[in-house]
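Engineer: No letters, just coordinates:
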């Protein structure tokens with residue numbers, strides 16, 4: 001499942017992850033969304049997949065400027081790596097959890113926590129570092145929007 005995320009989706013997901021880091025349930029309630037917005041749990045699962053896949057691409061040195069053969073070789077290495085396969089399983093399970101969660105904010109918060117733990121596994125960031133990273137990602141989203 002590769003859900004397309006809008007710039008607004010990125011910003012909403014980042015705000016929700018900041019609320020998870022700060023244990024701010026009130027902010028999560030505000031970010032829960034309205035009638036025409038994706039439920040927060042589903043949004044966080046999609047954002048987590050997007051972000052963790054980007055982390056994997058960077059970790060394996062896969063870039064858009066590579067030749068087809070170079071890309072194929074690196075993708076084969078990525079697909080054969082046990083850590084990468086665990087990330088794929090994690091993001092798939094987050095989507096399943098989100099589908100069951102619907103509008104449940106406690107589940108959305110747990111999904112956000114799982115995403116933060118996965119980011120921590122790659123970056124060794126503590127909560128303060130995570131907030132700095134989330135701010136940088138928000139600034140990137142604002143520049144591209």
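Structural biologist: Now that the structure is in, tell me what you want to look at. Worth saying up front: this structure is predicted, and the values here are computed from it rather than measured.

Engineer: Secondary structure element holding the residue of the chain positioned farthest from its centre?
Structural biologist: Here the chain reaches farthest from its C-alpha mean at residue 69, the gap being 28.3 Å by CA atoms, centre = their mean. Assigned by DSSP states H and E, residue 69 falls within helix 68-80.

Engineer: Work out for me the element the residue nearest the centre of the chain sits within.
Structural biologist: Nearest residue to the geometric centre of the chain (CA atoms, centre = their mean): residue 48, 1.8 Å. Per DSSP H and E: residue 48 is located in helix 40-59.

Engineer: neighbours of the closest residue to residue 114 other than its chain neighbours, just the number please.
Structural biologist: Closest residue to residue 114 apart from its sequence neighbours, by CB to CB, 6 or more residues apart in numbering: residue 94 at 6.2 Å. All C-beta spots, glycine's among them, are computed from the backbone N, C-alpha and C. Residue 94 has 27 neighbouring residues, counting by other CB atoms under 10 Å.

Engineer: For residue 94, give me its contacts.
Structural biologist: Residues in contact with residue 94 (CB atoms under 8 Å, 6 or more residues apart in numbering) are 44-45, 48-49, 111, 114-115.

Engineer: tell me the angle the one helix or strand it maps to makes with helix 68-80.
Structural biologist: Element membership for residue 94 (DSSP H and E) is helix 82-101. Computed with axes from the mean of the first three to the mean of the last three CA atoms, to 10 degrees, the direction of helix 82-101 lies at 70 degrees from that of helix 68-80.

Engineer: continuing past helix 82-101, what's the next helix or strand?
Structural biologist: Immediately after helix 82-101, counting by DSSP H and E, sits helix 105-123.

Engineer: Give the rounded mean pLDDT of that following helix.
Structural biologist: Mean per-residue pLDDT for helix 105-123: 91.

Engineer: and that helix, what does it pack onto?
Structural biologist: In terms of contacts (3 or more CB pairs under 8 Å, 6 or more residues apart in numbering; DSSP states H and E), helix 105-123 is packed against helix 7-21, helix 25-31, helix 40-59, helix 82-101, helix 127-144.

Engineer: mean confidence score for the fourth one?
Structural biologist: Taken as a whole, helix 82-101 carries a mean pLDDT of 94.

Engineer: what's the angle between it and helix 40-59?
Structural biologist: 170 degrees.
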